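A.B. asks: Predicted model, plus sequence, below.
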Amino acid sequence: MTDLAPLADLLADGRVLVLEGAGMSTGSGIPDYRGPNGSLTRHTPMTYQEFTGSAEARRRYWGRSHVGWEHFRRARPNEAHRAVAALERAGLVTGTITQNVDGLDLAAGTREVVELHGNLDRVVCLNCAEVTARAELAVRLAEANPGFGARVEELHALNPDGDADLSDAQLEGFVTVACRRCGEDALKADVVFFGETVPKDRVARSFELLDAARVLLVLGSSLAVMSGYRFVLHAAKNAQPVAIVTAGPTRGDEKATLKVDAALQEVLPELLGRLGVTATV
């Protein structure tokens with residue numbers, strides 16, 4: 001479907017819960033996982049088991065993430081993020097569940113956001129549970145690795161989890177830093193890795209928002225992983241309409257009441273116009 005009138009009619013009565021995937025942030029320069037140019041075509045994300053089981057894996061992760069972070073943190077909200085914020089401000093969207101870890105929904109002004117997979121802005125110690133700012137760790141890593149940024153002259157690709165594609169040769173000599181509180185080599189980005197369980201409180205809050213909603217609107221997600229797909233299954237079971245707007249097929253297409261196969265940055269501004277909503281700047 002490319003005619004947006006049915007979608008606008010479905011959303012016009014409000015109580016819409018948004019479920020977001022990586023396609024939301026492609027317009028901000030952050031790639032998705034499974035699109036035609038998605039990072040999975042060239043990059044396998046590190047699993048939680050690999051990260052926790054090997055000091056060398058942690059060194060490799062932090063080296064790549066340290067370089068990627070400098071680019072990732074400069075990303076700004078795009079038309080899609082601003083559209084969701086505008087729909088919330090207009091009273092049509094009552095909550096947003098995002099699978100992204102870039103913090104761009106909050107930056108765009110959306111208030112009711114469940115960051116299902118966490119946020120790269122934070123770092124947690126797996127030993128003592130202290131949470132610190134990623135910006136602080138970036139300074140410590142730069143001090144521990146003088147000249148590393150200059151030596152890595154080219155960022156080959158940025159991934160949705162904030163990693164940069166760097167070779168082992170480029171990572172040679174990179175060192176990690178320990179937790180300032182407990183002294184253990186146990187620092188981890190406060191995001192859910194592949195193979196890791198989403199915190200129960202975030203899942204519970206997401207289902208609360210869904211049960212209170214009238215419509216589930218999926219934006220920019222292939223729904224390939226159960227982490228997000230379960231909300232589509234729950235909505236379908238409860239006879240709640242499911243609308244999907246994303247480029248390409250999704251796992252939830254058969255459950256959808258409406259499907260718009262197009263880029264969000266093209267669809268959402270037009271959708272706002274049909275709903276009489278003004279986007280944020």
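C.D. replies: That came through, no problem. Residues are numbered from 1 along each chain as shown.
A.B. asks: And the helices in the chain?
C.D. replies: With DSSP state H as the criterion, the chain has helices at 5-11, 48-53, 55-72, 79-89, 104-108, 134-144, 148-151, 168-171, 200-212, 226-237, 264-275.
A.B. asks: Could I get these in CSV, plus columns for mean neighbour count?
C.D. replies: Every C-beta, even on glycine, is put in place using the N, C-alpha and C of the backbone. Listed next are those as CSV, based on neighbours: other C-beta atoms under 10 Å:
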stretch, mean neighbour count
helix 5-11, 16
helix 48-53, 15
helix 55-72, 20
helix 79-89, 24
helix 104-108, 22
helix 134-144, 15
helix 148-151, 12
helix 168-171, 13
helix 200-212, 14
helix 226-237, 18
helix 264-275, 19
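A.B. asks: Could you give the number of residues near the nearest residue to E130 once chain neighbours are set aside?
C.D. replies: The shortest distance from E130 to any non-neighbouring residue, by C-beta to C-beta, 6 or more residues apart in numbering, is to R181 (4.6 Å). R181: 12 surrounding residues under other C-beta atoms under 10 Å.
A.B. asks: in stretch 12-23, what's buried?
C.D. replies: Using 16 or more other C-beta atoms under 10 Å as the test for burial, stretch 12-23 gives 16-23.
A.B. asks: about what we covered before: possible to save the helices of the chain as CSV with distance to T257 and mean pLDDT?
C.D. replies: Shown next, in CSV, are the helices of the chain (distance: least, C-beta to C-beta, whole Å; pLDDT from 0 to 100):
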stretch, distance to T257, mean pLDDT
helix 5-11, 7, 97
helix 48-53, 35, 96
helix 55-72, 35, 90
helix 79-89, 18, 96
helix 104-108, 24, 96
helix 134-144, 39, 95
helix 148-151, 49, 72
helix 168-171, 47, 86
helix 200-212, 15, 98
helix 226-237, 9, 97
helix 264-275, 16, 93
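A.B. asks: which stretch among those helices comes nearest V114?
C.D. replies: helix 200-212 (5.2 Å; C-beta to C-beta).
A.B. asks: right, and V245 touches S221 too?
C.D. replies: No: with contact defined as C-beta atoms under 8 Å, V245 does not reach S221; the gap is 9.6 Å.
A.B. asks: between those two, who's got more neighbours?
C.D. replies: S221 (31 against 28).
A.B. asks: quick one, what contacts the nearest residue to the more buried one once chain neighbours are set aside?
C.D. replies: Among residues not flanking S221 along the chain, G21 sits closest, at 2.4 Å (C-beta to C-beta, 6+ apart). For G21, the contact set (C-beta atoms under 8 Å, 6 or more residues apart in numbering) comprises 32, 99-100, 218-223, 228, 246.
A.B. asks: could I get the residues you listed as CSV with distance to L171?
C.D. replies: Output for those, formatted as CSV (distance: C-beta to C-beta, whole Å):
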residue, distance to L171
D32, 25
Q99, 28
N100, 26
V218, 37
L219, 35
G220, 31
S221, 31
S222, 30
L223, 34
G228, 32
T246, 34
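A.B. asks: What about the residues you listed, which one has the most neighbours?
C.D. replies: S221 leads the contacts of G21 on contacts (other C-beta under 10 Å) with 31 neighbours.
A.B. asks: For that one, give its distance to R64.
C.D. replies: 25 Å (C-beta to C-beta, to the nearest Å).
A.B. asks: Show me this protein divided up by domain.
C.D. replies: Structural domains assigned to the chain are 1-30+78-117+197-281, 37-74+119-191, following automatic domain parsing.
A.B. asks: thought E184 was touching N127?
C.D. replies: Yes: with contact defined as C-beta under 8 Å, E184 reaches N127; the gap is 4.1 Å.
A.B. asks: Have a look at the two and say which one is more surrounded.
C.D. replies: N127 (15 against 12).
A.B. asks: coming back round to it: and which of the contacts of G21 is nearest to E208?
C.D. replies: Closest to E208, out of all of the contacts of G21 and judged by C-beta to C-beta, is G228, at 16.3 Å.
A.B. asks: ok, the residue nearest the centre of the chain - contacts?
C.D. replies: Nearest residue to the geometric centre of the chain (C-alpha atoms, centre = their mean): N100, 0.7 Å. Shown in contact with N100 (C-beta under 8 Å, 6+ apart): 20-22, 24-25, 30, 115, 117, 160.
A.B. asks: Which of those residues fall within strands?
C.D. replies: 20, 115 (DSSP state E).
A.B. asks: Only the C-alpha atoms, please, for stretch 113-128, written as CSV.
C.D. replies: Provided in CSV are the C-alpha atoms of stretch 113-128 (Å, rounded to 0.1, in the frame of the first residue of the first chain):
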residue,chain,number,x,y,z
VAL,A,113,10.2,6.2,25.5
VAL,A,114,11.1,2.6,26.5
GLU,A,115,14.7,2.0,25.4
LEU,A,116,14.3,-1.7,25.1
HIS,A,117,17.9,-2.4,24.3
GLY,A,118,19.5,0.3,26.4
ASN,A,119,21.5,3.4,25.3
LEU,A,120,25.1,3.8,24.2
ASP,A,121,25.4,6.9,26.3
ARG,A,122,25.9,4.8,29.4
VAL,A,123,28.5,2.2,30.6
VAL,A,124,27.8,-0.4,33.2
CYS,A,125,30.3,-2.4,35.2
LEU,A,126,29.3,-6.1,35.2
ASN,A,127,31.1,-6.7,38.5
CYS,A,128,29.9,-3.8,40.7
